[in-house]
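Q: Sequence first, then the predicted structure:
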Amino acid sequence: MPTVVRWSFLAVATVVDLVACTPAVRQPLTPADYPRTRPELTRYRETSRYADVRKFLDSLRALGAPLSFGSIGKTSEGRDIPYVIASRPLVSTASEARRLGRPIVYVQGNIHAGEVEGKDALLALIRDLTFSSKPNVLDSVVLIAVPIYNADGNERLAPQSVNRTEQNGPEMVGVRPNAQNFDLNRDYVKAEAPETRASLGMFNTWDPDVFVDLHTTDGSFHGYALTYSPSLSPAAVFGGVYARDSLLPVLRERMRTRDGFEVFDYGNFVSDEHGAIADTSVHEGWATYDSRPRFGTNYYGIRGRIGILSEAYSHDSLARRIASTYAFVSEVLSLVAEKGDAIRSLTARADSQPLAWGRSPDSVQMVAIRSELVTTPRMMDVIKEDLEKTGDSSLTQPGVPRGGRRTGRFRTIRMPVYDRFTSTLDRTPPAAYVVAPEDTAVATLLRLHGIRVDRSDSAWTARGESFTIDSIITAPRTFQGHHEVRLKGRWERGLQTLPPKSFIVSTAQPRGELVVYLLEPESDDGFTTWNLFDSGIKKGGRFPVTRIFDLRRGRAANRRSSAATTDPLQN
Ligand SMILES: [Zn+2]
């Protein structure tokens, strides 16, 4: 009966509109009035579909929840990626948020869409914080929640045994990549996916102090409800170190004592991950993953902010994974609220440091552009669960290999823990990099990363360095549609002649470290890696990005040679 259907749709739409204009929450709401997430409605047998997320958010809106709703952008299949802003008082723009003078925390669920509990935990948490009449973290932070980041991947449902082989349900889950088959958590440097571009837009506009990315682990049988990681890049000198040494140890303690969850630094047993560490004589150890900024939380650290990776334990039930993720995000928000002044001052220092480079060359700090896992691990206690053989090929629990059974016997074993990276190549930031005029895609991508790029009108000369390419190492296998490139070569000083319309990228700007990381030819995850310079490089040739030591002297030379020059320090 299509007429009836249309009527009910119209009626609902009208009610939602009217209620959305009502400023106050209808009081008193009791938990019985709250909208329920799909897991809550199905005894944790199912995760939310895209339509469920939209419906849940619409229900919050219909109840007059004091939240700002929006879309960060569209997926490649045209779905809006919803966001929700929660704070008291409510804000709806970045400038309003900044005026509150509080930390801004951006929490993202579902980047790998089979890893479902971040999405469902985040929805429940927004609801509970928003409808609570008691003082809570929303009085001290601005929360930006993006529950269903990989919305297209979420809709490609298939059995967990296909899409998430090492996960304990739910029965139907989405896929890891987006609809273009990009792994969004390898896309933060090259930013090819519309989802990544949308999230970079949010980062640039809102400039959150903290970014939390919610995942599920991939296999090792350990004894932790959740594992976490700070930004692992040694270039994340502000947010990475602060999160590792000042936030995560406190969170670990609070998760244990206040929430009843044992948590630890993210990793896998060395025995489960062949080649995780270079020392092949180590058979028992615990090793973290990667330091490169293709991963969101590493990237966010190089932007001078705090990035926190959260990985719920894939062998826990969905209900427990939602509970541990809910507790972890709650504790992050609460700790960030308590440390608000320190975190905001860290943000300010991260931004002002590269600005000081421009004023005083003595203040320039080296930027680590390549790194390796530490070779001197710390000895720590790690909890491991014993598995036993069933003697046949039966499946005892979804996500447990056939013929294996969990025992519930946990052992604490002292073992080497490889939880951090050390720099293997540092570079001193020049005053600016100059990019060849034809590399417009490079300039566009830099701007997408929130980096200021200027352009010179005429040819000019300046003291600097150019890079001669000695070798080009191209990965034989494709990764994310690319043959990654690594360059070796040498920098040589001299007077650089720069053609008109060159792009000038000063390092004396917030995100100066990121400028260095993306543009240095030997970076382990820069634009060179992702083929942006492929057409302009050849063995024995010059790399199409030049280092300039002093923009002002370059300008003076410029004045002598040309009257019509753009001052590259402006804009
Ligand atoms: Zn993941």
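A: Cool, the structure landed.

Q: What residues does the closest residue in space to Glu117 that isn't next to it in sequence make contact with?
A: Once flanking residues are discounted, Glu117 sits nearest to Arg321: 4.0 Å by C-beta to C-beta, 6 or more residues apart in numbering. In this view, the C-beta of every residue, glycine as well, is placed from N, C-alpha and C. By C-beta atoms under 8 Å, 6 or more residues apart in numbering, Arg321 lies in contact with Glu117, Thr216, Ala225, Ala312, Tyr313, Ser314.

Q: can you pull out the helices in the stretch 151-300 of the chain?
A: Secondary structure of the stretch 151-300 of the chain, counting by DSSP state H, counting those that start in this stretch: helices at 151-155, 160-163, 194-206, 239-242, 248-257, 296-302.

Q: Could you dump those into CSV with mean neighbour count and distance to the ion added?
A: As requested, the helices of the stretch 151-300 of the chain are exported to CSV (neighbours: other C-beta atoms under 10 Å; distance: least, C-beta to the ion, whole Å):
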stretch, mean neighbour count, distance to the ion
helix 151-155, 26, 11
helix 160-163, 16, 12
helix 194-206, 20, 14
helix 239-242, 24, 20
helix 248-257, 16, 18
helix 296-302, 30, 10
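
Q: got a pLDDT number for the residue nearest to Glu117?
A: You'll see Arg321 listed with a pLDDT of 98.

Q: Am I right that it sits in a helix?
A: Yes: if the criterion is DSSP: H, G, I helix; E, B strand; the rest coil, then Arg321 is within a helix.

Q: before we move on, the earlier item: with mean pLDDT added, can I get the helices of the stretch 151-300 of the chain in CSV?
A: Below are those laid out as CSV (pLDDT from 0 to 100):
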stretch, mean pLDDT
helix 151-155, 98
helix 160-163, 95
helix 194-206, 98
helix 239-242, 96
helix 248-257, 98
helix 296-302, 98
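
Q: and these as CSV, adding distance to Gln509?
A: Shown next, in CSV, are the helices of the stretch 151-300 of the chain (distance: least, C-beta to C-beta, whole Å):
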stretch, distance to Gln509
helix 151-155, 33
helix 160-163, 42
helix 194-206, 13
helix 239-242, 17
helix 248-257, 29
helix 296-302, 14
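
Q: Show me which residues of the protein are close to the ion?
A: His112, Glu115, His215 (C-beta under 5 Å from the ion).

Q: who wins for neighbours among those?
A: Glu115 (29 neighbours; other C-beta atoms under 10 Å).

Q: contacting residues around that one?
A: Taking C-beta under 8 Å, 6+ apart, we find Glu115 in contact with Arg164, Gln167, Arg176, Leu214, His215, Thr216, Ala312.

Q: what's near enough to touch the residue most central in space within the chain?
A: A centroid search over the chain (C-alpha atoms, centre = their mean) returns Gly296, at 2.4 Å, as the residue closest to the centre. Contact analysis of Gly296 by C-beta under 8 Å, 6+ apart lists Gln108, Ile111, Leu184, Asn185, Tyr188, Ser199, Phe211, Asp213, Gly307, Leu309.

Q: Just give the closest residue to Ala431, not the sequence neighbours.
A: Leu551 is the one closest to Ala431 (C-beta to C-beta, 6+ apart), at 4.9 Å.

Q: Do I have it right that Pro398 meets Glu166?
A: No: taking C-beta atoms under 8 Å as the definition, Pro398 is not a contact partner of Glu166, at 9.2 Å.

Q: neighbours around Leu138, how many?
A: The burial count for Leu138: 22, using other C-beta under 10 Å.

Q: Could you do Thr37 as well?
A: Number of residues near Thr37 (other C-beta under 10 Å) recorded here: 24.

Q: What distance do you get for it to Arg43?
A: Note on Thr37: its distance to Arg43, by C-beta to C-beta, to the nearest Å, is 12 Å.

Q: Val141 too?
A: Per C-beta to C-beta, Val141 is found 32 Å from Arg43.

Q: So between the two, which is more surrounded?
A: Comparing Val141 with Arg43 by other C-beta under 10 Å, the one with more neighbours is Val141, at 27 against 9.

Q: So for that one, what pLDDT did the model give?
A: Per-residue pLDDT puts Val141 at 98.

Q: The ion versus that one, what's the distance?
A: 25 Å (C-beta to the ion, to the nearest Å).

Q: Next, the contact list for that residue, please.
A: Ser87, Arg102, Pro103, Ile104, Val105, Leu333, Val336, Ala337, Gly340.

Q: So which of the helices of the stretch 151-300 of the chain is nearest Phe264?
A: Among the helices of the stretch 151-300 of the chain, helix 248-257 comes nearest to Phe264, with 7.0 Å by C-beta to C-beta.

Q: With only the CA atoms kept, save the closest one in PDB.
A: The C-alpha trace of helix 248-257 is given here as PDB (Å, rounded to 0.1, in the frame of the first residue of the first chain):
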ATOM      1  CA  LEU A 248      47.900   5.900  28.100                       C
ATOM      2  CA  PRO A 249      49.400   4.600  31.400                       C
ATOM      3  CA  VAL A 250      46.700   6.500  33.300                       C
ATOM      4  CA  LEU A 251      44.000   5.100  31.000                       C
ATOM      5  CA  ARG A 252      45.300   1.600  31.500                       C
ATOM      6  CA  GLU A 253      45.100   1.900  35.200                       C
ATOM      7  CA  ARG A 254      41.600   3.500  35.100                       C
ATOM      8  CA  MET A 255      40.300   0.800  32.700                       C
ATOM      9  CA  ARG A 256      41.400  -1.800  35.200                       C
ATOM     10  CA  THR A 257      40.200  -0.200  38.400                       C
END
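
Q: what's that helix packed up against?
A: Packing partners of helix 248-257 (3 or more C-beta pairs under 8 Å, 6 or more residues apart in numbering; DSSP states H and E): strand 226-230, strand 263-265, helix 318-338.

Q: now do 6 Å
A: Packing contacts for helix 248-257, counted by 3 or more C-beta pairs under 6 Å, 6 or more residues apart in numbering; DSSP states H and E, involve helix 318-338.

Q: can I get the CA coordinates of the helix or strand just after the helix it packs on in CSV?
A: Remark: after helix 318-338, the chain's next helix or strand is helix 340-359, criterion DSSP states H and E. What follows is helix 340-359, C-alpha atoms only, in CSV (Å, rounded to 0.1, in the frame of the first residue of the first chain):
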residue,chain,number,x,y,z
GLY,A,340,42.5,20.1,29.2
ASP,A,341,44.9,22.9,29.9
ALA,A,342,48.0,20.8,29.4
ILE,A,343,46.6,19.4,26.1
ARG,A,344,45.7,22.8,24.8
SER,A,345,49.1,24.1,25.7
LEU,A,346,50.7,21.1,23.9
THR,A,347,48.6,22.0,20.8
ALA,A,348,49.8,25.6,21.0
ARG,A,349,53.5,24.6,21.4
ALA,A,350,53.2,22.2,18.4
ASP,A,351,52.0,25.0,16.2
SER,A,352,54.4,27.6,17.5
GLN,A,353,57.6,25.5,17.1
PRO,A,354,57.7,25.6,13.3
LEU,A,355,56.8,29.3,13.4
ALA,A,356,59.9,29.9,15.5
TRP,A,357,62.0,28.1,12.9
GLY,A,358,61.3,31.0,10.6
ARG,A,359,62.4,33.6,13.1
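
Q: could you give the angle of the following helix or strand past helix 340-359 to helix 340-359?
A: Downstream of helix 340-359, the next assigned helix or strand under DSSP H and E is strand 367-373. On the basis of axes from the mean of the first three to the mean of the last three C-alpha atoms, to 10 degrees, strand 367-373 is oriented at 120 degrees to helix 340-359.

Q: Need the residues that contact strand 367-373.
A: Residues outside strand 367-373 that contact it (C-beta atoms under 6 Å, 6 or more residues apart in numbering): 234-235, 291, 418, 421, 423-427, 513, 516-517, 520, 523-524.
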